[in-house]
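Asker: With the input below, show me the fold.
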Amino acid sequence: MGFFTKSSEQLQSGLSATKRAWTQRLKKAVLGRSSVDADLLEELEEVLLISDVGVATTQKIMDQLQKRVSKEKYLNVSELDKLLYDEMVALLSATASSQNVNTDNLQVVLVVGVNGAGKTTSVGKLAHRYKSEGKRVMLAAADTFRAGAVAQLRLWSERVDVPLVELNEGSDPASVAYTAVERAKKEQVDVLLIDTAGRLHNNANLMQELAKIQRVVQKVIPNAPHEVLLVLDGGTGQNAFMQAKQFAEATAVSGLILTKLDGTAKGGVVIGISDELEVPIRYIGVGEGVEDLLTFDAKEYLDSLFGDA
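Answerer: Residues are numbered from 1 along each chain as shown. This is a model prediction of the structure:
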């Protein structure tokens, strides 16, 4: 379940556009049919692709459904929702895993992603979540090439009342990260969130810089960072797929944050990205509010898509 007591309501509201599109497409596919046949499966495949589930993941789902249909010759259309739901739960559950456990008191979390995906905002919301759990939180502004990013993170640090480590504009991002880890360790902070530059996923130099940040952090805490969270704009559909794949090739991404799902009908991207990368989704963004970053729960998410509510 999500951390906040109203998470289910937030999820229902935030996914309303995706649910509406999803329901309409499914209803159209099954309209006038009583049994599951080859034509219906073809229509269903199209529904999954249009919903940005992705080609590879759609193929996996369809292969499993076709096996079930072959085994149970007289499958009713009314049973299709349940079959589809079960296959999606299985896919999302396969990538689910617990957060990396840290033997130190300090948990170092590196947050990566391209500009415009909601990365810095996600860092601020994460800080709020951790603080609400009673943890001591610190932020580090390692996006030093864009003055606006540092200013934005500073506003978040003031908003959620947590300390911020920043150096002069244009400073080496790795220096910021190193300074922050040393200070966080000294001040007995529980969670350090490092906001990195909004890297263009095809820029090799910036990816090398990301690797450098990881190396200097490990000089202070050998097994850090304990989490590398990749922030993706869920509304960009297939573009998010491409970004995710290229980031995963460049760094050991341990979890995903999918933002802006409240403004898109492309919520199927959640299923595809997690499956193809074999990386769990940690959080989803379903609104602008400070509490609108929810812990991802596969069953809860799919209940919101398939449920009548």
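
Asker: residues contacting the nearest residue to Leu261 once chain neighbours are set aside?
Answerer: Among residues not flanking Leu261 along the chain, Gly234 sits closest, at 4.4 Å (CB to CB, 6 or more residues apart in numbering). Glycine gets a C-beta too; all of them are placed from N, C-alpha and C. For Gly234, the contact set (CB atoms under 8 Å, 6 or more residues apart in numbering) comprises Ala240, Leu258, Thr259, Lys260, Leu261, Thr264, Lys266, Gly267, Val269, Val270, Ile284, Gly285.

Asker: Quick check: Ser157 touching Val137?
Answerer: No. Using CB atoms under 8 Å, Ser157 makes no contact with Val137, being 9.3 Å away.

Asker: neighbour count winner among those two?
Answerer: Neighbours were tallied for Ser157 and for Val137 using other CB atoms under 10 Å; the higher tally belongs to Val137 (25 against 21).

Asker: how many neighbours does Thr144 have?
Answerer: Thr144: 21 neighbours (other CB under 10 Å).

Asker: so which helix or strand takes in the closest residue to it other than its chain neighbours?
Answerer: Distances taken as CB to CB, 6+ apart put Ser171 closest to Thr144, at 4.9 Å, once the chain neighbours are dropped. Under the criterion DSSP states H and E, no helix or strand holds Ser171.

Asker: what ranges of the stretch 151-300 of the chain fall below the confidence cut-off?
Answerer: 199-203 (pLDDT under 70).

Asker: Would you reformat the contacts of Gly234 as JSON lines and include secondary structure, distance to Glu300 and neighbour count?
Answerer: Shown next, in JSON lines, are the contacts of Gly234 (DSSP: H, G, I helix; E, B strand; the rest coil; distance: CB to CB, whole Å; neighbours: other CB atoms under 10 Å):
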{"residue": "Ala240", "secondary structure": "helix", "distance to Glu300": "21", "neighbour count": "28"}
{"residue": "Leu258", "secondary structure": "strand", "distance to Glu300": "14", "neighbour count": "29"}
{"residue": "Thr259", "secondary structure": "strand", "distance to Glu300": "18", "neighbour count": "27"}
{"residue": "Lys260", "secondary structure": "coil", "distance to Glu300": "19", "neighbour count": "23"}
{"residue": "Leu261", "secondary structure": "helix", "distance to Glu300": "13", "neighbour count": "26"}
{"residue": "Thr264", "secondary structure": "coil", "distance to Glu300": "18", "neighbour count": "20"}
{"residue": "Lys266", "secondary structure": "coil", "distance to Glu300": "19", "neighbour count": "24"}
{"residue": "Gly267", "secondary structure": "coil", "distance to Glu300": "13", "neighbour count": "28"}
{"residue": "Val269", "secondary structure": "helix", "distance to Glu300": "17", "neighbour count": "28"}
{"residue": "Val270", "secondary structure": "helix", "distance to Glu300": "12", "neighbour count": "29"}
{"residue": "Ile284", "secondary structure": "strand", "distance to Glu300": "10", "neighbour count": "27"}
{"residue": "Gly285", "secondary structure": "strand", "distance to Glu300": "15", "neighbour count": "26"}
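
Asker: of those, closest to Gln188?
Answerer: Gly285 (30.1 Å; CB to CB).

Asker: What's opposite that closest one in the beta bridge?
Answerer: Taking DSSP bridges as the rule, Gly285 bridges to Leu293.
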